[in-house]
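**Student:** Here is a sequence together with a model predicted from it:
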Amino acid sequence: MESLGSFLKEKRKASGVSLEQVSAEIRIKLAYLEALEEERYELLPAPLYKKIFVKAYADYLGLNFEELTKRFFEKKAESETTEKGRAEPYPEIVQTEKKSNNHLLVWAGIILGLVIILIFVIKKGPDTFFHNKVSGPKVEEARMNLPSTAIDSVKSESESLGEKEVREVVSQPEEMTLRLEGTEKCWALVIGDGDTLFSGFINNGMKFEYKARNFFKLTLGRAWAVKGYLNGKRLKPFGPKGKGIFGREINKDNYQDFLETAEGER
């Protein structure tokens, strides 16, 4: 059966481009593209980058990434599942028996506990069983003996904690709006809340705006070639000239780390 690496290599050669050309355009190291074509995935920086690099490569060659996923990734997963099923016969039957035995033990423990409690209540009486209940006068007496300075201290600390929690909640936006502006040609992948919002090239002067409730993940071949704004506030440069970013996450908890000073607001 044809492999993913050989398929990409064949399509690249049919397009008449070298691997060096692809590397220069999508800003992925030549060594990583060679690892994809040779299917030496252990040479990639992390397993996550396999699909990110394949998607960038496929987009550059004009291939449909969804079809590649069904053809190579999903079929491989089905094959591994089938092999696992053959190696471990009757897993459902064994699991059912274990669950049944566990349920019997749990019910037996519950019934035994109820019987013990019932015997104790009958012998000692309800009042003895609830002997730890504190009466109203004792509570008032304890409250009166507490120094006023301690009460004020507890109250002040409680109010300050409450204010802190309110500030943290207010600082988190209900929805995030990300705007990207291209200054040079750059391959980009934008993921919001797990969905692919954009995949392709951003050219000079192009502007895009996306929304997400929890997080964005950005992959930029030329990080310096794109300016970003979050909820109208300017973001720091994504990277220095000559560098790319892969899977960088901006979420509700860390978004302030990416913001420039108030002068960068628009």
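**Tutor:** It's in.
**Student:** average pLDDT for stretch 13-30?
**Tutor:** Averaged across stretch 13-30, the pLDDT comes to 90.
**Student:** buried residues in that stretch?
**Tutor:** Across stretch 13-30, burial judged by 16 or more other Cβ atoms under 10 Å covers Leu19, Val22, Ser23, Glu25, Ile26, Arg27, Ile28. C-beta: built from backbone N, CA, C; applies to glycine.
**Student:** Out of those, which sit inside strands?
**Tutor:** Using DSSP state E, no member of the buried residues of stretch 13-30 sits in strands.
**Student:** Max pairwise distance over these: which two?
**Tutor:** Leu19 and Arg27 (13.6 Å; Cβ to Cβ).
**Student:** Quick one: classify Ala14 as helix, strand or coil.
**Tutor:** When classified by DSSP: H, G, I helix; E, B strand; the rest coil, Ala14 comes out as helix.
**Student:** i'd like the first residue to be 57 from this point on
**Tutor:** That works, and once the first residue is 57, the last one we named lands at Ala70.
**Student:** got the buried residues of stretch 69-86 as TSV, with distance to Asp309 columns?
**Tutor:** Output for the buried residues of stretch 69-86, formatted as TSV (distance: Cβ to Cβ, whole Å):
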residue	distance to Asp309
Leu75	39
Val78	36
Ser79	34
Glu81	34
Ile82	30
Arg83	28
Ile84	29
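**Student:** which of those lies closest to Lys69?
**Tutor:** Distances from Lys69 to the buried residues of stretch 69-86, taken as Cβ to Cβ, are shortest for Leu75 (9.6 Å).
**Student:** Just list the residues touching that closest one, thanks.
**Tutor:** Arg68, Leu86, Leu89, Glu90, Glu93 (Cβ atoms under 8 Å, 6 or more residues apart in numbering).
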